[in-house]
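> Any chance you can model this:
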Amino acid sequence: MSIYVGNLSYEVTQDHLKPVFEDYGKVTRVHFPTDRETGRARGFAFVEMSQDAEEDAAITALDGAEWMGRVLKVNKAKPRENNDSFGGGGRSGGGRSGGGYNKSGGGGGRY
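Numbers count the residues shown, from 1 in each chain. Reported below is the predicted structural model:
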C-alpha cells in the first residue's frame, strides 16, 4: 500500500517529509513525482511504510494537519488509471519554511 500526501509546498524534500511519517512507523520509500517538462516537483508525494497499521495511523493523524503552513491531504493512494487524455490545470505555489504540524482546521480540496 502507498500513502498519497497532497498540498505540499514545492520546496518540500524527502528530508523534510520522511521524519513526519517516521513518527508512526518505518518509512520504506518516499517518492516525489516531477513534471516531465520542467523537472519541478508537483506538490504531492507518495510514502510507503513497512506495516499497513502504521500507514493507517499516519493517515488518521496527518490528514487535515497543518504542516509548513499548509493543510495536508493524506489518504491511501489509488492505483494509477491508464488514461490517454491529458490533464490540465496547474497550481502556483509558494510556501513557508517552518517546523511542526498541527491537526486543526478543515480538509483540503479533492484531487
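> Mind listing what's buried along the helix ranked longest in the chain?
Looking across the chain with DSSP state H, the single longest helix is helix 52-62. By 16 or more other Cβ atoms under 10 Å, the buried positions in helix 52-62 come out as 54, 55, 56, 57, 58, 59, 61, 62. C-betas here are computed from N, CA, C, even on glycine.
> for that helix, the distance to its chain's centre please.
13 Å (Cα atoms, centre = their mean, to the nearest Å).
> Let's see that helix as PDB, backbone CA atoms only.
Written as PDB, here are the backbone C-alpha positions of helix 52-62 (Å, rounded to 0.1, in the frame of the first residue of the first chain):
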ATOM      1  CA  ASP A  52      -0.400  -1.300   6.900                       C
ATOM      2  CA  ALA A  53      -1.300  -0.400  10.500                       C
ATOM      3  CA  GLU A  54       1.500   2.200  10.600                       C
ATOM      4  CA  GLU A  55       0.200   3.700   7.300                       C
ATOM      5  CA  ASP A  56      -3.300   3.800   8.700                       C
ATOM      6  CA  ALA A  57      -2.100   5.500  11.900                       C
ATOM      7  CA  ALA A  58      -0.200   8.100   9.800                       C
ATOM      8  CA  ILE A  59      -3.200   8.800   7.600                       C
ATOM      9  CA  THR A  60      -5.500   9.200  10.600                       C
ATOM     10  CA  ALA A  61      -3.100  11.600  12.400                       C
ATOM     11  CA  LEU A  62      -1.900  13.700   9.400                       C
END
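> Tabulate the buried residues of helix 52-62 in CSV, adding columns for pLDDT and distance to residue 48.
CSV is the format used below for the buried residues of helix 52-62 (pLDDT from 0 to 100; distance: Cβ to Cβ, whole Å):
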residue, pLDDT, distance to residue 48
54, 97, 10
55, 97, 8
56, 97, 13
57, 98, 14
58, 98, 11
59, 98, 13
61, 98, 17
62, 98, 15
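> Alright, calling it a day.
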